[in-house]
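**Q** Return atomic coordinates for the entry below.
(4 chains)
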Number of protein chains: 2
Amino acid sequence: MPTDAPTPSRVRASDGLRQVALEQFSTIGFAASSLQHIADQAGYSKSSVLYHYSSKEALLEAAIGPAVDALEELLDDFVASGRSVEARAEFIQRFVDFLLGNRLAVHTFVNQGQSLRGTPVIERANTAIRGLADSICEADAPLSEQMRFGVALAGAAYTLVAGATFLEEGRRAEAEDADVRAALISVLSELLIPAEGRPTR
Amino acid sequence: MPTDAPTPSRVRASDGLRQVALEQFSTIGFAASSLQHIADQAGYSKSSVLYHYSSKEALLEAAIGPAVDALEELLDDFVASGRSVEARAEFIQRFVDFLLGNRLAVHTFVNQGQSLRGTPVIERANTAIRGLADSICEADAPLSEQMRFGVALAGAAYTLVAGATFLEEGRRAEAEDADVRAALISVLSELLIPAEGRPTR
DNA sequence: TCAGGAGCTGACCGATCGGTCAAGTACGGT
DNA sequence: ACCGTACTTGACCGATCGGTCAGCTCCTGA
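**A** As a prediction, the model looks like this:
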């Protein structure tokens, strides 16, 4: 029954539910998100949610699966492209774009990748993240190098993603994505692209 | 009246519960941690947990409160000490030590600071984190500078804390804290201590 | 010896969880 | 008119949640 929200074009119920669920999962966490709450927020009943998605876990899969796919592809391409400075530079760009385009999903599986172990899609995400760390930084690299990479990747992900938590309260929109993108690429390049001799500054 | 010394050698039950709870909260999350599970793991009954801590929230307060106190003190000292290069350097050291000494607690309130909004101790933690960001980087600083600080702080916190999630699986102990400390201080110094010629604000 | 507090526990409570199920509605094709 | 399909829902289920309570076992000080 189209009680309200006479949306101009067709909006698939499952898409709306997926989006609402993603917002819930990323903000209050998967465990704390109830199907009832998600249903209420989306304007459906709990039963409807379970009609479109066979379980809460399936809803999680639908919500963050595409982002995990994108991350895996990003990783594969980077591994295939070698470790040259050019490859790193392109990877950084694509990585930042990935973060900007999948903030909520990244927030979800980065922040809850530990607590949700056992969930297939989360396992995929964790594997990809670990692969990212391994491939961008060899195991025999000095600890300070490993730390540099860890700080860069985690810092970038968390800044975008939990910046939403701490750094502002809704008035964030002014910071254009393009500006954020440029600034983030700049900082990551400093950290990840080895300058001749020593640290980039 | 609880005399101070009657049970000195005995391990206080409340301490054990606090530690177990901290591990649970940081690994599987506050919402997903049940009092029953914490009690089982600590070898007590759920009722005993609620005897020592009047509520699940009180248990969280006991688990991460001290770390939040330390963070607040760290922040106050840094604000009082000005923004000189020396002050920054000392702050970085103390910050890294704080992270190393409070990994689980930091993991908890960094990762769940958003989902647990409303909890007093979490509110304190969020306020401190925001204060940290504000004080180390003025609001009118260029975006790239803000991003640099965000990446540094978040990256450092997350590398230590979620390194536990991704980077190893129990065989981490070999990486001495002292080495990690040195490497982390080095990376943070690169990012946070303004080099000559670079506009820091 | 005994009173009493600290520590601990099982039984129990109402609420909510994820999930099942059958019934009901709307609608397009025939 | 009839059927099939897609969709939505409330009633209901067993499990578990955080939390209360009465009562148990110790230990200690008087």
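**Q** Might you report the residue contacts of A:Ala178?
**A** With contacts defined as Cβ atoms under 8 Å, 6 or more residues apart in numbering or on different chains, A:Ala178 has no neighbours. Bear in mind the C-beta positions are built from the backbone N, C-alpha and C, glycine included.
**Q** Low-confidence regions, chain A specifically.
**A** In the predicted model of chain A, residues A:1-11, A:139-140, A:162-175, A:195-201 satisfy pLDDT under 70.
**Q** which bits of it sit near DNA strand C?
**A** Residues of chain A that fall close to DNA strand C, judged by Cβ under 7 Å from any atom of the strand: A:1, A:33-37, A:46-47, A:50, A:54-57.
**Q** Farthest-apart pair in these, please.
**A** A:Met1 and A:Glu57 (28.9 Å; Cβ to Cβ).
**Q** Tell me where chain A has helices.
**A** A:13-28, A:35-42, A:46-52, A:56-80, A:85-101, A:103-111, A:120-136, A:143-166, A:177-192 (DSSP state H).
**Q** picking up where we left off before, what about A:Met1 and A:Glu57, which has more around it?
**A** Higher neighbour count among A:Met1 and A:Glu57: A:Glu57, with 16 against 3, using other Cβ atoms under 10 Å in any protein chain shown.
**Q** Look up the closest residue to that one, ignoring the ones flanking it.
**A** Leaving aside its sequence neighbours, A:Glu57 sits nearest to A:Thr119 (Cβ to Cβ, 6 or more residues apart in numbering or on different chains; 5.9 Å).
**Q** Throw the helices of chain A into a markdown table and include distance to DNA strand D, thanks.
**A** Output for the helices of chain A, formatted as a markdown table (distance: least, Cβ to the nearest atom of the strand, whole Å):
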| stretch | distance to DNA strand D |
| --- | --- |
| helix A:13-28 | 4 |
| helix A:35-42 | 7 |
| helix A:46-52 | 3 |
| helix A:56-80 | 12 |
| helix A:85-101 | 27 |
| helix A:103-111 | 19 |
| helix A:120-136 | 20 |
| helix A:143-166 | 23 |
| helix A:177-192 | 32 |
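**Q** which stretch among those comes nearest B:Val96?
**A** helix A:143-166 (10.6 Å).
**Q** what's the angle from the closest one to helix A:120-136?
**A** 140 degrees (axes from the mean of the first three to the mean of the last three Cα atoms, to 10 degrees).
**Q** Let me see the contact set for A:Phe95.
**A** With Cβ under 8 Å, 6+ apart, A:Phe95 has these contacts: A:Leu74, A:Leu153, A:Ala156, A:Leu188.
**Q** again, only this time at 6 Å
**A** For A:Phe95, the contact set (Cβ atoms under 6 Å, 6 or more residues apart in numbering or on different chains) is empty.
**Q** what about the residue nearest to A:Glu57, neighbour count?
**A** For A:Thr119, using other Cβ under 10 Å, the count is 20.
**Q** Could you do A:Ala21 as well?
**A** For A:Ala21, using other Cβ under 10 Å, the count is 27.
**Q** tell me the contacts of it?
**A** A:Ile38, A:Leu59, A:Ala63.
**Q** Might you report the residue contacts of the last one?
**A** When contacts are counted by Cβ under 6 Å, 6+ apart, A:Ala63 is found next to A:Arg18, A:Ala21, A:Leu22.
**Q** The residue most central in space within chain A and chain B, how far apart?
**A** For chain A, the residue nearest the mean C-alpha position is A:Val106 (1.6 Å; Cα atoms, centre = their mean). In this view, A:Val106 and chain B are 12 Å apart by Cβ to the nearest Cβ, to the nearest Å.
**Q** For that residue, which residues are in contact?
**A** A:Leu99, A:Ala157, A:Val161.
**Q** and what of A:Asn102?
**A** A:Asn102 touches A:Ala67, counting by Cβ under 6 Å, 6+ apart.
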